[in-house]
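[1] structure, please.
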Amino acid sequence: MNSKRKQKDILVIAQDAGGAEMLAAYIRKHFRNYNFHIYAGDPALRIFRRERLPSKKLTRMNINRVISAHREDFALLGTGRPVSLELAALKEIKRHHMMAAAYIDSWTNYRERFGYPRSGWQRNLPKEIWTGDSSALALAKQYFRTIRIRFVPNQYFANVVSTYRARTRRLRKTQGILYMSAASRHSGKLLDNFLAECSRRAISSAVRIRMHPENSRIQYERIISRHAKGIRAELSREKDIVDDLLHARVVVGPETNALVLASLCGIRTIRIVPDREKYFLPFKEIIRVKSAKSAVRKIF
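    Predicted structure coming up:
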């Protein structure tokens, strides 16, 4: 018989930006094999639409209706903070006894994504946890001993590295500095200190700041205005991270997954981790310093 095999329906739910990048890349690679139904809140929704993947807005008001309409589907979710659309959706998915997997996009707060340390947080766990690299796989096995852990290669990282390598061969070497911001509450202060130190040393290299989706553009413009005295500093307007990486000879910033991309691309990468703050990126290639002043010293 020549009958076409029925494709599996997958309900995709995301809110966190990092998880959305991974999910979007996974969907792009497998869109011929499955029927994806994407629902997302910001900033994830902006990422899916940037990637031109058909997606609908998810809110706390329509979670129940969306999941009821797809209760026969397999659910694939991103993971974010404990108070997130993803966790609210996962609880509803569990109530409908649906098969579900959560794709973890980082190397920190694994149990917290599912409600830990609240009592009964284990009831929020999906049937499967997906991880994108060997370090994440080891961490997931350490924290989740009662559910299935799967290694599903991080296609987003692979795409960025491949695109960077293909395009960098056509460009001359650059002298620019790329500052990668983060969602942490200390990120703006670290940028304050970094730009102030660059100004004090009167560096000639241009500094480009790539904001995290949760950062405020107005706040960061004010930081540049106050502290970037006598140096060239600007906020990036690039949608694709590769366009920023291509113009950087060094990348610096607080602990954020974006630093991993820079390191994987072979760019010298520096992370600022002040005293009393935990560092979580399991990549020895990323240089670790304690202050913005030390970071600038490492650059030159």
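[2] so who does the closest residue to residue 26 other than its chain neighbours touch?
    In space, and not counting its chain neighbours, residue 26 is closest to residue 155: 5.4 Å by C-beta to C-beta, 6 or more residues apart in numbering. Quick note: C-beta positions are derived from backbone N, CA and C, even for glycine. With contact taken as C-beta atoms under 8 Å, 6 or more residues apart in numbering, residue 155 is in contact with 22, 25-26, 28-29.
[3] same thing but 7 Å
    Shown in contact with residue 155 (C-beta atoms under 7 Å, 6 or more residues apart in numbering): 25-26, 29.
[4] residue 40 against residue 16, yeah?
    No: Residue 40 is beyond contact range of residue 16, at 9.6 Å (criterion: C-beta atoms under 7 Å).
[5] need the pLDDT of residue 129.
    Looking at residue 129, its pLDDT stands at 98.
[6] so how far is residue 139 from it?
    10 Å (C-beta to C-beta, to the nearest Å).
[7] okay, helices next: where are they in the protein?
    17-30, 44-50, 63-69, 85-95, 134-143, 155-168, 187-200, 217-227, 241-245, 257-264, 292-299 (DSSP state H).
[8] looking at residue 129 and residue 139, which one has more neighbours?
    Using other C-beta atoms under 10 Å, the more surrounded residue of residue 129 and residue 139 is residue 129, with 25 against 20.
[9] the more buried one pairs with what?
    residue 102, residue 149 (DSSP bridges).
[10] of the contacts of residue 155, select the buried ones using a PyMOL command.
    Buried subset of these, written as a PyMOL selection, criterion 16 or more other C-beta atoms under 10 Å:
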select buried, resi 25+26
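[11] between the contacts of residue 155, which is closest to residue 119?
    residue 26 (33.1 Å; C-beta to C-beta).
[12] and the pLDDT for that closest one?
    98.
[13] tell me the confidence at the nearest residue to residue 54 once chain neighbours are set aside?
    Nearest residue to residue 54, sequence neighbours excluded (C-beta to C-beta, 6+ apart): residue 38, at 6.6 Å. Looking at residue 38, its pLDDT reads 98.
[14] isn't residue 38 right up against residue 52?
    No: in terms of C-beta under 7 Å, residue 38 does not count as a neighbour of residue 52; the distance is 11.5 Å.
[15] circling back to that earlier point, for residue 206, find the nearest of the helices of the chain.
    helix 187-200 (10.3 Å).
[16] for the closest one, list every residue counted as buried.
    So, applying 16+ other C-beta under 10 Å, buried residues of helix 187-200: 187-188, 190-199.
[17] dump the residues you listed into JSON lines; add pLDDT as well.
    Listed next are those as JSON lines, based on pLDDT from 0 to 100:
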{"residue": "187", "pLDDT": "88"}
{"residue": "188", "pLDDT": "90"}
{"residue": "190", "pLDDT": "94"}
{"residue": "191", "pLDDT": "95"}
{"residue": "192", "pLDDT": "95"}
{"residue": "193", "pLDDT": "96"}
{"residue": "194", "pLDDT": "97"}
{"residue": "195", "pLDDT": "97"}
{"residue": "196", "pLDDT": "96"}
{"residue": "197", "pLDDT": "96"}
{"residue": "198", "pLDDT": "96"}
{"residue": "199", "pLDDT": "96"}
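[18] from those, which is closest to residue 66?
    residue 187 (32.5 Å).
[19] now the closest one: how far from residue 129?
    28 Å.
[20] do the same with residue 234
    39 Å.
[21] please look at residue 264 and residue 163 and confirm they touch.
    No: at 11.9 Å, residue 264 does not count as touching residue 163 under the criterion of C-beta under 7 Å.
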